[in-house]
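Engineer: from the sequence below, what's the structure:
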Amino acid sequence: MKQHTSPIIIKDKTISTLEKVSLSSKEYNEDWIQDICYRSPNLLPVEEIEPTFAGMIPICRELTIESGSIDLVYVNEFGFVTIGECKLWRNPEARRKVVGQILDYAKDLAKWDYSKFEKECLKARKENKKSLFEIIQEFYPEIEEASFIDNLQNNLKIGRFLLTIIGDGIRGNMEELANYIHRNGNLNFTLGLIELPVYKNSMNEELIVTPRVLAKTKEIERIVYRFAESEKEESKIKQQEKTVSKSVSEKVFFERLQKSIGIEKSDTFQKFIDILNSEFNITAKLGRGKRLSLNLKSANDTYNFASIQENGEVWFYGIVPKTEELGDKQIGVEYLNNLAKIVNGKFDDSYKKWQWCVKRNEKFINITEYLQITTEWIKLISETLDKIYRLEENE
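Structural biologist: Okay, the predicted model is just below:
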């Protein structure tokens, strides 16, 4: 369970605690939440849920579909659609129905093609806009229309959506949420629960909104899997966790990587990641930004051994500064130096220390070349981790 305390304001050495505002009061309703989320899409921390859906543009409110009316619809420049359903939790019946409701919306939306989606969104928007592309182009002038339409058409076809339930204090049975998710496995969606706590500054009556992600699809699945009552069941649970599907952003990353290096090399890279995870508990975490990347990070999320870009280039972030924080900068320097020798590259320290890296002829080296020396690379990662662990034990 995630618990949070009230924020404080420090002014002239005086500490004031912000007052939590109850959204159950008559002063606030679901329309109020909709309005601030529509006018300020950056309020919703979608990058924490699915980086691929970042850069959302508000398209319309109250989009009418077969099963009801979608509160909020956003689209980004890559044609990824985010659906927002706003709920205040004073009504127990609403709490029970909201997940099934938003999944029904997603299923209905997946039946539409681009033309239908554009027509209905423009109708709901109630503005004099000629096309959906015209709206997106206002924010992204360099965007190509054909590419945008193709991407959005494909995302609609396969149901690749980010579904967000936005409320004032989301409570409920995680097992029920997971059951809904598993029954709708034909859609490629991610479900995120976002809470919008509101606080009031008593000194000037300002309202402060502090959005936070309470859960997302993978977390919900894992919470359910933890309800094990025997070793046999626990073994089954661990196997289930290993087979949990990738997030939408992870799928998109590997699709783009396949286009760059081919399906065979992409599959080999996935096997390499699996080895690192099973032998050293190293996790592959998506980076943020316009271009997707996959970071190979230590179990405690501190040390980044490589950052593979969607075009296959291998970059590096922070291994030297992080080992320096630990007390021995040379651990990170030696890792990059030795890796450069193995891959026939050069240790490049011409940037800020955070971006010290391995290059060849002043260019980043592609993952396809690293995959030819995986045995040596795994050995080097293992040796580097041993040095880190020894230093941590002596602290």
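
Engineer: could you use CA atoms for every contact and neighbour count after this?
Structural biologist: Noted.

Engineer: quick one: contacts of stretch 80-90?
Structural biologist: Residues outside stretch 80-90 that contact it (Cα atoms under 8 Å, 6 or more residues apart in numbering): 23-24, 29-30, 33-34, 52-53, 56, 70-75, 94-95, 98, 102, 151-152, 155, 160-170.

Engineer: kindly report the same for stretch 385-395.
Structural biologist: 323, 326-327, 331.

Engineer: from the residues you listed, which would you call buried?
Structural biologist: 323, 331 (16 or more other Cα atoms under 10 Å).

Engineer: between the contacts of stretch 385-395, which is closest to residue 139?
Structural biologist: residue 323 (40.3 Å; Cα to Cα).

Engineer: residue 335 is in contact with that closest one, correct?
Structural biologist: No. The pair residue 323 and residue 335 fails to qualify as a contact (Cα atoms under 8 Å) at a distance of 10.4 Å.

Engineer: which of the contacts of stretch 80-90 count as buried?
Structural biologist: 23, 30, 33-34, 52-53, 56, 70-75, 95, 98, 102, 151-152, 155, 160-170.

Engineer: which parts of the stretch 251-395 of the chain are strands?
Structural biologist: 283-286, 293-297, 304-309, 314-315, 346-348, 357-360, 363-364 (DSSP state E, counting those that start in this stretch).

Engineer: turn these into CSV, columns for mean neighbour count.
Structural biologist: Below are the strands of the stretch 251-395 of the chain laid out as CSV (neighbours: other Cα atoms under 10 Å):
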stretch, mean neighbour count
strand 283-286, 20
strand 293-297, 23
strand 304-309, 22
strand 314-315, 23
strand 346-348, 19
strand 357-360, 21
strand 363-364, 14
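
Engineer: save the ones you listed as a markdown table, and put in distance to residue 264 and mean pLDDT too.
Structural biologist: Formatted as a markdown table, the strands of the stretch 251-395 of the chain follow (distance: least, Cα to Cα, whole Å; pLDDT from 0 to 100):
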| stretch | distance to residue 264 | mean pLDDT |
| --- | --- | --- |
| strand 283-286 | 19 | 91 |
| strand 293-297 | 18 | 95 |
| strand 304-309 | 16 | 97 |
| strand 314-315 | 18 | 97 |
| strand 346-348 | 27 | 96 |
| strand 357-360 | 24 | 96 |
| strand 363-364 | 21 | 96 |
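
Engineer: nearest to residue 201, of those?
Structural biologist: Distance to residue 201, taken as Cα to Cα, is lowest for strand 283-286 among these, at 36.2 Å.

Engineer: for the closest one, packing partners?
Structural biologist: Judged by 3 or more Cα pairs under 8 Å, 6 or more residues apart in numbering; DSSP states H and E, strand 283-286 is in contact with helix 263-280, strand 293-297.

Engineer: pull the CA atoms of that strand into PDB?
Structural biologist: Only the C-alpha atoms of strand 283-286 are listed here, as PDB (Å, rounded to 0.1, in the frame of the first residue of the first chain):
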ATOM      1  CA  THR A 283      16.600  -5.400 -15.200                       C
ATOM      2  CA  ALA A 284      15.900  -3.800 -18.600                       C
ATOM      3  CA  LYS A 285      14.100  -0.500 -17.900                       C
ATOM      4  CA  LEU A 286      12.700   1.800 -20.500                       C
END
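
Engineer: tell me which residues are up against it.
Structural biologist: 51, 249-250, 273, 276-277, 292-299.

Engineer: out of the helices and strands packed on strand 283-286, which one sits most buried?
Structural biologist: Mean neighbour count (mean count of other Cα atoms under 10 Å) peaks for strand 293-297 among the helices and strands packed on strand 283-286, with a mean of 23.

Engineer: ok, that strand: who's next to it in the sheet?
Structural biologist: strand 283-286 (antiparallel), strand 304-309 (antiparallel) (DSSP bridges).

Engineer: distance from the chain centre to it, please.
Structural biologist: Counting by Cα atoms, centre = their mean, to the nearest Å, strand 293-297 is centred 13 Å from the centre of its parent chain.

Engineer: relative to helix 263-280, how tilted is it?
Structural biologist: Orientation of strand 293-297 against helix 263-280 (axes from the mean of the first three to the mean of the last three Cα atoms, to 10 degrees) gives an angle of 30 degrees.
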